[in-house]
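all I have is the shape, not the residue letters:
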């Protein structure tokens, strides 16, 4: 089957999957499970491309490794976090409930479906790679894979540093400014974005792969302006106050750089 047509099939499959997750989340009264489902959805997309896409096996294997490992790592990380705090719901979704007090779960159904459509749009680089029938990997694909390795290592390290910081009783209520968090207030988001840059670079080795640039552009906007930094910063200011304001003053919000002296 043509990989681009298959992409439409995959997107519809994710919409059905999200509908099922919506039902389960409604019963659990926790919309936070949409983040877990969103992450795992990409594994399903590349699995479908692997079995039905036209690309040679070695290219399919590379695609599945890059996307699958990232998807499963992120999804499992989020599942542990949501499960640990259950039944307490993420503040982002609690705020959405307040905006739609009469029919919150009807609103969430639309939100879950929007996330499914987003999976389809962000998967454009994968569709391009799956459609590539070239007999050998290109320099773009090898470069993208190397960049992916650096980015996944950085994101994993940032998550582990934050987790280790929070497990120490003496750090309760304090701002994590150690390791990568000394150079960026959100190194996990930065490296998450770099993973999508890596996917776009891999896609550049395939016909029509330039369309994959849309993925890191969308992710940059979402992480820095919508679902990433803004709500995270608002929550940190609410819980840590002046300590976090001082951290903001000296630390880059996204791109890592040496901290500056507080003013």
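It's in. Keep in mind that this is a model prediction, so the values were computed, not measured. Numbering: from 1, shown residues only.

show me what the helix or strand encompassing residue 163 is packed against.
Taking DSSP states H and E as the definition, residue 163 sits inside helix 139-167. Contact analysis of helix 139-167 by 3 or more Cβ pairs under 8 Å, 6 or more residues apart in numbering; DSSP states H and E lists helix 57-85, helix 187-203 as its packing neighbours. Using the backbone N, CA and C atoms, a C-beta is placed for each residue, glycine as well.

quick one: average pLDDT of that helix?
Mean pLDDT, helix 139-167: 96.

please apply the same query to stretch 252-263.
86.

give me the buried positions along that stretch.
Buried residues in stretch 252-263, counted by 16 or more other Cβ atoms under 10 Å: 252, 254, 256.

check stretch 62-77 too.
For stretch 62-77, the neighbour count (16+ other Cβ under 10 Å) marks 62, 63, 64, 66, 67, 68, 70, 71, 74, 75, 77 as buried.

shaky segments in the stretch 1-150 of the chain?
Along the stretch 1-150 of the chain, the model assigns pLDDT under 70 to residues 1, 86.

in JSON lines: the buried residues of stretch 62-77, plus distance to residue 102.
What follows is the buried residues of stretch 62-77, written out as JSON lines (distance: Cβ to Cβ, whole Å):
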{"residue": "62", "distance to residue 102": "48"}
{"residue": "63", "distance to residue 102": "44"}
{"residue": "64", "distance to residue 102": "43"}
{"residue": "66", "distance to residue 102": "43"}
{"residue": "67", "distance to residue 102": "39"}
{"residue": "68", "distance to residue 102": "40"}
{"residue": "70", "distance to residue 102": "38"}
{"residue": "71", "distance to residue 102": "35"}
{"residue": "74", "distance to residue 102": "33"}
{"residue": "75", "distance to residue 102": "32"}
{"residue": "77", "distance to residue 102": "34"}
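
from these, pick the one nearest residue 195.
Using Cβ to Cβ, residue 70 comes nearest to residue 195 of these, at 5.6 Å.

how about the helix holding residue 163: buried residues?
The neighbour-count check on helix 139-167 (16+ other Cβ under 10 Å) flags 140-141, 144-145, 147-148, 151-152, 154-156, 158-159, 161-162, 165 as buried.
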